[in-house]
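Q: let me see the structure of the following:
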Amino acid sequence: MTTYHEATSVTPLGEGKYAARLAEEYSFGEAVNGGYLMGVLLRAAVAESPHAHPLTTAASFLRPGQPGPAEIVVETRKTGRTAATSRVSLTQHGRPIVDAMVTTGTLDPASEPAYQGARPAMPPVEECRPSGHDTSGFVAQVDMRFDPAVMGWLDGEPSGRPEMRAYFRLADGADPDPYVLAIALDALVPVVANTGHTGWSPTVDLTWHLRALPAPGWLTVHGSGRLVRDGWNDEDVEIWDSAGTLVAQSRQLARTARARTRK
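A: Numbering: from 1, shown residues only. I've put the predicted structure just below:
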């Protein structure tokens, strides 16, 4: 099995260019998961930066990524003592797939928050519902345990609220780091499933912030939305680590799958 670390690795080609091979294991059908694509982009962004961590990423998803070779180009926009900003583009066969602005910095793992809001409640992991037993594709690469309260859509009884909650870890057992957070932010079932809109909900734009370096163990991923309208929906995600620290936040705009009605 290809580990996530191996699957997101990049090879320097010089002058801010990198080669990558997008792994089929992180795809749904023919399309590669968007969070995985961000993980690949961020490897190149950090490799070109004097700083150690991707602090904030604003990504536009232009086309679905496909398994196979890809190229990343990193264009430095500003370099400072505490932060550096770059434009990072991923292409395949000469066509742009993802364009992103990435700001890097270096976080102190020993720092403590001056203020942190309350962590949302979740049932114990042993009371949560596994994501599935697929032996190939994205589902096989992650271990997710969903809060039963948000899984009524599977039985044709959605809660009516755009929400989703789950525990997350990689199937290969690797401890979480900023690149793992990138895929975890885009790993949930789309929150609009609980409004009856099940199916592919492709991300158009996603912005996320690294708030702290995660502790080993399960991540807790909470997703919610505010508006589903005209074929579009928003999705806000928070990730909390096993120590109860808020480690990542994101907001995305996505196309909404067509609502399905019960017969």
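
Q: break the protein down into its domains, please.
A: For the chain, the domain assignment from automatic domain parsing gives the residue ranges 4-105, 127-255.

Q: tabulate those domains (CSV), appending mean neighbour count and distance to Y115.
A: The way it works is simple: take the backbone N, C-alpha and C, and place the C-beta from them, glycine included. Putting these into CSV (neighbours: other Cβ atoms under 10 Å; distance: least, Cβ to Cβ, whole Å) gives the following:
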stretch, mean neighbour count, distance to Y115
domain 4-105, 19, 19
domain 127-255, 19, 11
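
Q: okay if I get the ones you listed as a markdown table plus mean pLDDT?
A: Below are these laid out as a markdown table (pLDDT from 0 to 100):
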| stretch | mean pLDDT |
| --- | --- |
| domain 4-105 | 96 |
| domain 127-255 | 94 |
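
Q: I figured G137 hits S27, correct?
A: Yes. Counting by Cβ atoms under 8 Å, S27 is a contact partner of G137 at 6.0 Å.

Q: CSV for the domains of the chain, including distance to G117?
A: Below are the domains of the chain laid out as CSV (distance: least, Cβ to Cβ, whole Å):
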stretch, distance to G117
domain 4-105, 19
domain 127-255, 7
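
Q: got a list of what the nearest residue in space to T245 that is not next to it in sequence touches?
A: If the residues on either side of it in the chain are set aside, T245 comes closest to A212, at 5.2 Å by Cβ to Cβ, 6 or more residues apart in numbering. By Cβ atoms under 8 Å, 6 or more residues apart in numbering, the contact set of A212 is 107, 111, 113, 241, 245-247.

Q: and the residues you listed, which two are furthest apart?
A: S111 and D241 (13.9 Å; Cβ to Cβ).

Q: what lies in contact with whichever strand or helix holds M101?
A: M101 belongs to strand 95-105 when assigned by DSSP states H and E. Here strand 95-105 makes contact (Cβ under 8 Å, 6+ apart) with 34, 37-38, 41-42, 45-46, 49, 51-65, 70, 77, 82-91.

Q: list the ones among those residues that fall in helices.
A: In helices, defined here by DSSP state H, the members of the contacts of strand 95-105 are 34, 37-38, 41-42, 45-46.

Q: and which of these is nearest G196?
A: Closest approach between these and G196, by Cβ to Cβ: G34, at 22.8 Å.

Q: what sits against the closest one?
A: 59, 61, 65, 98, 186, 203, 206.

Q: possible to save the residues you listed as TSV with distance to R258?
A: Output for the contacts of G34, formatted as TSV (distance: Cβ to Cβ, whole Å):
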residue	distance to R258
A59	25
F61	20
G65	23
V98	25
D186	21
T203	17
L206	22
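
Q: among the residues you listed, which are in strands?
A: Counted as lying in strands by DSSP state E, out of these, are 59, 61, 98, 203, 206.

Q: need those residues in CSV with distance to G152, can you?
A: Shown next, in CSV, are the ones in strands among the contacts of G34 (distance: Cβ to Cβ, whole Å):
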residue, distance to G152
A59, 31
F61, 29
V98, 33
T203, 24
L206, 26
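
Q: ok, the strand holding M101: who's next to it in the sheet?
A: Using DSSP bridges, the strands paired with strand 95-105 in its sheet are strand 53-61 (antiparallel), strand 84-92 (antiparallel).

Q: okay then, goodbye and thanks.
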